[in-house]
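> Pasting the sequence and the predicted model now:
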Amino acid sequence: MSTYSDASGAIAPLPKARRATGFGGVLPALAFVAIFFIAPVAVLLLRSVLEPVPGLGNYAQLIGSTTYLKIFANTFIVSGLVTAISLLIGFPVAWALAIMPGRLTSVIFAILLLSMWTNLLARTYAWMVLLQRTGLINKMLIGMGLIDKPLALVNNLTGVTIGMTYIMLPFIILPLYGVIRKIDPSTLQAAALCGANRWQCLTRVLLPLAMPGMAAGALMVFVMSLGYFVTPSLLGGTANMMLAELIAQFVQSLVNWGMGGAAALVLLVVTLALYAVQLRFVVSQNPGGR
């Protein structure tokens with residue numbers, strides 16, 4: 001304990017520094033969340049039940065219309081496809097990054113980060129050029145003799161899925177790489193010494209150990225895909241509208257804040273429900289917090 005001498009020469013302990021107590025330290029953060037997140041959501045909720053007339057008519061119209069139900073189905077189908085394809089592509093890439101030499105890994109990481117930092121609109125327009133009937137992909141397929149006439153790869157769900165998968169890949173590779181990197185290589189060696197073949201090492205050892213990263217990446221990709229707007233608007237068509245496009249149309253074109261708020265809150269509830277499921281899954285897999 002530190003001491004000091006007072007005027008009389010007596011030695012006395014230094015007074016303890018006062019520590020901040022209560023919520024004073026987090027009040028700015030709470031105020032920020034309340035102003036920029038909770039308040040807008042509350043206003044949106046009120047408008048969804050008050051406009052154009054008070055009640056739950058907007059939600060009933062969303063659920064009762066086959067047109068809107070088709071948009072919901074398109075949204076979940078595309079988000080599921082993008083998540084599944086991103087996992088299938090991202091897992092081998094993350095595994096390769098984990099076992100590559102450090103210099104090569106740094107180069108590939110730089111490419112991934114550059115793709116993330118590139119303007120989203122520019123990347124989407126680049127895919128429009130590549131996927132159109134006179135684009136590079138169709139020309140290559142025709143040149144190799146795989147097809148006789150150009151494929152329709154834009155203004156449909158195919159183009160949306162391809163473009164969104166490309167954009168979402170880094171968001172699933174990075175968490176997977178972090179988890180796979182921590183797996184001890186001797187674990188796989190021990191499994192092989194115990195008689196496990198390569199397929200068993202993959203399915204019974206590597207995949208279960210990498211499951212936290214797969215779950216985190218899959219949830220991130222799926223939730224981001226649910227609310228994506230730019231890529232579906234440019235690569236999709238009016239017949240394949242997704243939920244974010246519907247919300248924008250309600251607010252910007254139809255100026256129907258009630259329906260737009262109802263659709264946005266449905267999207268928010270689905271997102272929070274998915275997060276709760278993942279949180280419950282993580283807690284059940286790691287009850288001790290280790």
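Yes, it's here. As the structure is a computational prediction, the values presented were derived from the model and not from experiment. Residues are numbered from 1 along each chain as shown.

> OK, contacts around residue 156?
236-237, 239-240 (CB atoms under 8 Å, 6 or more residues apart in numbering). Any C-beta I mention is one placed from the backbone N, CA and C, and that applies to glycine too.

> Grab the nearest non-local neighbour of residue 164.
Leaving aside its sequence neighbours, residue 164 sits nearest to residue 82 (CB to CB, 6 or more residues apart in numbering; 4.7 Å).

> So the one you found, which state does it fall into?
Of the three states, residue 82 takes helix under DSSP: H, G, I helix; E, B strand; the rest coil.

> Tell me how many other residues surround residue 89.
16 (other CB atoms under 10 Å).

> Leaving out the residues flanking it, which one is nearest to it?
residue 169 (6.3 Å).

> Which secondary structure elements does the host helix or strand of residue 30 sit against?
Element membership for residue 30, per DSSP states H and E: helix 27-33. Counting contacts by 3 or more CB pairs under 8 Å, 6 or more residues apart in numbering; DSSP states H and E, helix 27-33 is packed against no other helix or strand.

> helices and strands around the next helix or strand after it, which ones?
Beyond helix 27-33 in the direction of the C-terminus, DSSP H and E gives the next helix or strand as helix 39-50. Applying 3+ CB pairs under 8 Å, 6+ apart, one finds that helix 39-50 makes contact with helix 57-64, helix 257-285.

> Show me the helices in the stretch 51-200 of the chain, by range?
Using DSSP state H, counting those that start in this stretch, the helices of the stretch 51-200 of the chain run over residues 57-64, 66-99, 102-117, 120-131, 136-143, 157-182, 185-193, 198-201.

> How about the secondary structure of the nearest residue to residue 256 once chain neighbours are set aside?
Once flanking residues are discounted, residue 256 sits nearest to residue 250: 4.8 Å by CB to CB, 6+ apart. Following three-state DSSP, residue 250 is assigned to helix.
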